[in-house]
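**Student:** Got a predicted structure here, sequence first:
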Amino acid sequence: MGIRAGHWDDWALQGLLGRKAATGQRVSLVVPARNEAATVGAVVSRVREALMETVSLVDEVVVIDSDSVDDTYAVAASAGARVHRSAEIRPDLGTHPGKGEAMWKSLFVTSGDLLVFMDADLHDWDTHFVPGLLGPLLHDPEVQLVKGFYDRPGADGPLEGGRVTELVARPLIALLFPALGDLVQPLAGEWAVRRSWFAGLSVPTGYAVELAALVDTVRAAGPSAIAQVDLGVRAHRHQALRDLGGMATQILAAALARVGVEGADAVGEAVLRQYLRGLEPVERVVPTLERPAAEAYL
Ligand SMILES: O=c1ccn([C@@H]2O[C@H](COP(=O)(O)OP(=O)(O)O)[C@@H](O)[C@H]2O)c(=O)[nH]1
Ligand SMILES: O=C(O)[C@@H](COP(=O)(O)O)O[C@H]1O[C@H](CO)[C@@H](O)[C@H](O)[C@H]1O
């Protein structure tokens, strides 16, 4: 069997609540956020209202403030989230920049048996994303990781989002990881995973966290350990093209490391040279470090 696909409304909310109660599992929504004051409040407040206050599907909403320099922390806290600064979680383990670092650190400040990750920069989404992602985990013990997929509006049209997905992730999957070929949105930031499973994974500290989790999961447990759920439409803030060069470098570094090619130097960073005009390069130091499985520190 390959990667199973479902639709968010395959699972009635009451049925999910029943399964959650019957299995005694807790659910943590984790939102990694760097400079997301404009949108993080709505993500937190809407999920809290719909899935914590109205029903008890989510037990905690945790925002990991990832080196923000805006009001992310205050906005998320006033919306009702438990907020932690990534750098202040387990300082004995040091701190690194990046989305994956924030998600790795979330393991030390959450209690959920099931973790649901959502980006903080969403502006076209709905709260059904969360039950949709939980459906396979609450109903199928074989599933360890659930990816959301959706139509992704971009700057050039209703289906033009996902530049790194189309130009980097899908080619990597085609060439190196064909078992993941069924995945519609391999880089989607909306995904869910069993805590015990995520705690056993090596986690890239940057943007490669999503692809690495998929590769390591399909290798360790096969495609039946992964499910994907149609969540409808999702729009988010789009980074500038050259900033996605850093993301692409991190994803490529993690992929190459998983096929025995150590592209980055030993200290866990790569220097990406970009050019805006003429011969003068703009050098971007790109962290390619990975955190070891968190279970050893929990
Ligand atoms: O160092 C970082 C970079 C990003 N993010 C968060 O990770 C999510 C996805 O990042 P981003 O929007 O930059 O990626 P994109 O969606 O453009 O691929 C967002 O909630 C960011 O705030 C983070 O927590 N730390
Ligand atoms: O899919 C993609 O190509 C990138 C960038 O999307 P856009 O080109 O800005 O629509 O966005 C995803 O990739 C990141 C790395 O995995 C994730 O962190 C983001 O959540 C996801 O939006």
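**Tutor:** Looks like it came in fine. Everything numeric here is computed off the predicted structure, so don't read it as measured data. Residues are numbered from 1 along each chain as shown. Ligands and ions are numbered 1, 2, ... in the order given.

**Student:** Right, and ligand 2 sits closest to which residue of this protein?
**Tutor:** Gly189 (2.3 Å; Cβ to the nearest ligand atom). Every residue, glycine included, has its C-beta placed from N, CA and C.

**Student:** For this structure, just list every one of the strands.
**Tutor:** Applying DSSP state E to the chain gives strands spanning 4-7, 27-33, 60-65, 82-85, 114-117, 122-124, 145-151, 191-194, 203-204, 226-233, 235-236, 269-275, 281-287, 290-291.

**Student:** And those strands, which one averages the lowest pLDDT?
**Tutor:** Note on the strands of the chain: lowest mean pLDDT is at strand 235-236, with a mean of 83.

**Student:** What residues does Val282 make contact with?
**Tutor:** Arg242, Arg273, Gln274, Tyr275, Leu276 (Cβ atoms under 8 Å, 6 or more residues apart in numbering).

**Student:** again with Thr217
**Tutor:** Contacts for Thr217 (Cβ under 8 Å, 6+ apart) come out as Gln144, Leu145, Trp197, Leu201, Ala225, Ile226.

**Student:** give me the number of residues near the first one?
**Tutor:** Okay, so that is Gln144. Around Gln144 there are 24 other residues, counting by other Cβ atoms under 10 Å.

**Student:** cool, the third one as well?
**Tutor:** A total of 20 residues lie near Trp197 under the criterion other Cβ under 10 Å.

**Student:** check contacts around the residue lying closest to it once chain neighbours are set aside.
**Tutor:** Spatial nearest neighbour of Trp197, chain neighbours left out: Gln144 (4.2 Å); criterion: Cβ to Cβ, 6 or more residues apart in numbering. Taking Cβ under 8 Å, 6+ apart, we find Gln144 in contact with Val193, Arg194, Trp197, Thr217, Ala221, Ala225, Ile226.

**Student:** From those, pick the one nearest ligand 1.
**Tutor:** Val193 (15.8 Å).

**Student:** I'd like to know the average pLDDT value across stretch 103-112.
**Tutor:** 98.

**Student:** end-to-end on it?
**Tutor:** 13 Å (Cα to Cα, to the nearest Å).

**Student:** do that stretch and ligand 1 meet?
**Tutor:** No: Stretch 103-112 stays clear of ligand 1 (Cβ under 6 Å from any ligand atom), getting no nearer than 7.9 Å.

**Student:** Please consider this matter closed, and thank you.
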